[in-house]
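> Predicted model and sequence follow; I will ask about them next.
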Amino acid sequence: MPHPAHFICSKDCKFFLATEVGGYIVSTVGEYWPDSKIREIFARSRGIKIAGIGDSWDAEYMEKIGFEEFGHGGYLYETMVFKSAKMPKNGCDSCAFKIESGKNIDLDRYKTGNEARKGHYDLCRKWARRK
């Protein structure tokens, strides 16, 4: 799919994969980089001072904080699996499927992009075999 398939703030993720296999959508998102106002709140709430403006502020934020985690434990990526449903003809032109409900049926989290990519395709293989 040409877009992230889960996570309400996925528009702020720099990494995403979404694949429909065997009646399931496997969705991976990561490298969550919220907009600057949210990053300011996160830094302040953590007692971290970020100097500069614009790109220099962003660079310092990345150095001191980095991408935001999914859950706890340093996980910067997550994959969820959902039942899929056919997309109505008047829906997204580039997608034939949508998530049937918001209830995920499988989940894994990763610390690196390489782990996330491998984990995404591992879950694709796992759920492609289910009927």
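Ah, there it is.

> So for G74, what's the pLDDT?
Predicted confidence (pLDDT) for G74: 91.

> If we go by neighbour counts, what in stretch 110-123 is buried?
By neighbour count with 16 or more other CB atoms under 10 Å, stretch 110-123 contains the buried residues 110, 115-117, 119-121, 123. Yep, even glycine has a C-beta here, placed from its N, CA and C like the rest.

> which residues touch the most centrally placed residue in the chain?
Central residue of the chain (CA atoms, centre = their mean): V29, 1.7 Å from the mean position. Going by CB atoms under 8 Å, 6 or more residues apart in numbering, V29 touches 4, 6-7, 10, 13, 15-16, 70, 77-78.

> which one of the residues you listed has the most neighbours?
Ranked by neighbour count (other CB atoms under 10 Å), those have Y77 at the top, with 28 neighbours.

> can I assume F15 sits in a helix?
No - secondary structure of F15 (DSSP: H, G, I helix; E, B strand; the rest coil): strand, not part of a helix.

> List the residues that contact it.
With CB under 8 Å, 6+ apart, F15 has these contacts: 28-31, 77, 113, 116.

> cutoff 6 Å now
For F15, the contacting residues are 30-31, 113, by CB atoms under 6 Å, 6 or more residues apart in numbering.

> same thing with Y77?
With contacts defined as CB under 6 Å, 6+ apart, Y77 is in contact with 30, 110, 116.

> Cross the residues you listed against helices and list the overlap.
Here DSSP state H is the test, and those give A116 as lying in helices.

> hang on, the earlier thing: in CSV: the buried residues of stretch 110-123, plus distance to R44 and pLDDT.
Below are these laid out as CSV (distance: CB to CB, whole Å; pLDDT from 0 to 100):
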residue, distance to R44, pLDDT
Y110, 28, 96
E115, 31, 97
A116, 29, 97
R117, 33, 97
G119, 33, 97
H120, 34, 97
Y121, 39, 96
L123, 37, 96
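
> Out of the residues you listed, the closest to K103 would be?
Distance to K103, by CB to CB, is smallest for L123 among these, at 16.1 Å.
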